[in-house]
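Peer 1: sequence? don't have it. structure:
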(Lines give C-alpha, C1' and ligand atoms only; values in the text may rest on other atoms or scores of the structure.)
Protein backbone atom coordinates (compact mmCIF):
# COMPACT_ATOMS: atom_id res chain seq x y z
CA UNK A 1 0.00 0.00 0.00
CA UNK A 2 1.41 3.37 -1.02
CA UNK A 3 1.05 6.17 1.50
CA UNK A 4 -0.23 9.39 -0.05
CA UNK A 5 2.22 12.25 0.06
CA UNK A 6 1.14 15.55 1.58
CA UNK A 7 1.56 18.56 -0.70
CA UNK A 8 1.47 22.22 0.28
CA UNK A 9 -0.11 24.06 -2.66
CA UNK A 10 0.19 27.84 -2.97
CA UNK A 11 -1.29 30.00 -5.74
CA UNK A 12 -3.03 33.35 -5.54
CA UNK A 13 -5.19 32.54 -8.59
CA UNK A 14 -8.06 30.85 -6.76
CA UNK A 15 -9.65 29.06 -9.76
CA UNK A 16 -6.28 27.54 -10.70
CA UNK A 17 -5.54 26.69 -7.06
CA UNK A 18 -8.85 24.79 -6.76
CA UNK A 19 -8.36 23.05 -10.11
CA UNK A 20 -4.86 21.83 -9.21
CA UNK A 21 -6.02 20.88 -5.71
CA UNK A 22 -8.91 18.72 -6.95
CA UNK A 23 -6.76 17.10 -9.64
CA UNK A 24 -4.02 16.13 -7.18
CA UNK A 25 -6.57 14.84 -4.65
CA UNK A 26 -8.13 12.65 -7.36
CA UNK A 27 -4.65 11.25 -7.97
CA UNK A 28 -4.17 10.20 -4.35
CA UNK A 29 -2.42 13.18 -2.79
CA UNK A 30 -3.28 14.93 0.46
CA UNK A 31 -3.38 18.67 -0.27
CA UNK A 32 -3.27 21.73 1.95
CA UNK A 33 -4.03 24.67 -0.34
CA UNK A 34 -3.41 28.36 0.34
CA UNK A 35 -4.07 31.55 -1.61
CA UNK A 36 -1.75 33.56 0.63
CA UNK A 37 1.94 32.60 0.65
CA UNK A 38 2.50 33.97 4.16
CA UNK A 39 -0.28 31.76 5.51
CA UNK A 40 1.25 28.78 3.70
CA UNK A 41 4.66 29.59 5.17
CA UNK A 42 3.17 29.82 8.67
CA UNK A 43 1.39 26.48 8.24
CA UNK A 44 4.57 24.84 6.93
CA UNK A 45 6.51 26.21 9.90
CA UNK A 46 4.25 24.43 12.40
CA UNK A 47 5.49 21.02 11.19
CA UNK A 48 7.89 21.11 8.20
CA UNK A 49 8.26 17.32 8.17
CA UNK A 50 4.58 16.92 7.38
CA UNK A 51 5.03 18.01 3.75
CA UNK A 52 7.00 16.11 1.14
CA UNK A 53 6.40 18.63 -1.63
CA UNK A 54 5.47 22.27 -2.09
CA UNK A 55 3.85 23.38 -5.35
CA UNK A 56 3.79 27.18 -5.67
CA UNK A 57 3.27 29.93 -8.20
CA UNK A 58 6.30 32.15 -8.79
CA UNK A 59 4.41 35.46 -8.96
CA UNK A 60 2.27 36.16 -5.90
CA UNK A 61 1.54 39.20 -3.75
CA UNK A 62 3.10 39.48 -0.28
CA UNK A 63 5.80 36.91 -1.00
CA UNK A 64 7.06 35.62 -4.33
CA UNK A 65 7.42 31.92 -4.97
CA UNK A 66 11.19 32.44 -5.13
CA UNK A 67 11.28 33.97 -1.65
CA UNK A 68 8.87 31.31 -0.40
CA UNK A 69 11.27 28.60 -1.61
CA UNK A 70 14.18 30.29 0.14
CA UNK A 71 12.29 30.47 3.42
CA UNK A 72 10.98 26.92 3.19
CA UNK A 73 14.50 25.66 2.51
CA UNK A 74 15.62 27.34 5.76
CA UNK A 75 12.91 25.44 7.65
CA UNK A 76 13.50 22.03 6.05
CA UNK A 77 16.36 20.37 4.24
CA UNK A 78 14.06 17.57 3.06
CA UNK A 79 11.17 19.31 1.32
CA UNK A 80 11.10 19.42 -2.47
CA UNK A 81 9.48 22.26 -4.39
CA UNK A 82 7.80 22.68 -7.77
CA UNK A 83 7.45 26.24 -9.01
CA UNK A 84 4.83 27.21 -11.59
CA UNK A 85 4.90 30.30 -13.81
CA UNK A 86 3.65 31.67 -17.08
CA UNK A 87 6.99 33.42 -17.50
CA UNK A 88 10.34 31.77 -18.19
CA UNK A 89 12.21 30.93 -15.02
CA UNK A 90 15.77 29.90 -14.23
CA UNK A 91 16.32 27.62 -11.23
CA UNK A 92 20.02 28.50 -11.27
CA UNK A 93 19.23 31.67 -9.32
CA UNK A 94 18.97 29.50 -6.21
CA UNK A 95 22.04 28.45 -4.24
CA UNK A 96 23.31 24.99 -5.14
CA UNK A 97 22.15 23.66 -1.77
CA UNK A 98 18.53 24.41 -2.73
CA UNK A 99 18.68 23.93 -6.50
CA UNK A 100 18.58 20.13 -6.34
CA UNK A 101 15.22 20.25 -4.58
CA UNK A 102 13.50 22.74 -6.91
CA UNK A 103 11.79 22.00 -10.22
CA UNK A 104 9.89 24.25 -12.60
CA UNK A 105 6.77 23.77 -14.73
CA UNK A 106 5.85 26.38 -17.33
CA UNK A 107 2.21 27.55 -17.45
CA UNK A 108 -0.03 26.76 -19.19
CA UNK A 109 0.33 23.04 -18.64
CA UNK A 110 -1.93 20.04 -19.05
CA UNK A 111 -2.95 18.11 -15.92
CA UNK A 112 -0.88 15.13 -17.05
CA UNK A 113 2.20 17.35 -17.24
CA UNK A 114 1.69 18.40 -13.62
CA UNK A 115 1.27 14.82 -12.49
CA UNK A 116 4.37 13.80 -14.43
CA UNK A 117 6.40 16.60 -12.78
CA UNK A 118 5.18 15.61 -9.31
CA UNK A 119 5.97 11.94 -9.91
CA UNK A 120 9.41 12.78 -11.32
CA UNK A 121 10.17 14.73 -8.13
CA UNK A 122 8.86 11.88 -5.96
CA UNK A 123 11.13 9.42 -7.77
CA UNK A 124 14.14 11.47 -6.59
CA UNK A 125 12.95 11.61 -2.98
CA UNK A 126 14.37 9.19 -0.44
CA UNK A 127 11.94 6.43 0.49
CA UNK A 128 10.87 6.58 4.14
CA UNK A 129 12.44 3.83 6.22
CA UNK A 130 10.13 0.92 6.93
CA UNK A 131 9.72 0.04 10.60
CA UNK A 132 11.50 -3.18 11.46
CA UNK A 133 9.45 -5.99 12.90
CA UNK A 134 10.12 -6.76 16.52
CA UNK A 135 11.32 -10.26 17.32
CA UNK A 136 9.30 -10.44 20.52
CA UNK A 137 5.67 -11.46 20.37
CA UNK A 138 3.03 -9.04 21.54
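Peer 2: Yep, it's here. Remember, predicted model here, so these are calculated numbers, not experimental data. Numbering: from 1, shown residues only.
Peer 1: where does the protein dip in pLDDT?
Peer 2: 1-4, 127-138 (pLDDT under 70).
Peer 1: show me the contacts for the residue nearest the centre of it.
Peer 2: With distances taken as CA atoms, centre = their mean, residue 54 lies nearest the centre of the chain, 1.6 Å away. Each residue near residue 54 by CB atoms under 8 Å, 6 or more residues apart in numbering is listed here: 7-10, 40, 44, 68-69, 72, 79-82. (C-beta placed from N, C-alpha, C; glycine too.)
Peer 1: and those, which of them are in strands?
Peer 2: Among the contacts of residue 54, the members found in strands (DSSP state E) are 7-10, 80-82.
Peer 1: Show me the helices in this protein, by range?
Peer 2: 14-26, 37-46, 65-75, 96-99, 111-124 (DSSP state H).
Peer 1: Deepest-packed of those helices, please.
Peer 2: Highest mean neighbour count among the helices of the chain (mean count of other CB atoms under 10 Å): helix 65-75, with a mean of 19.
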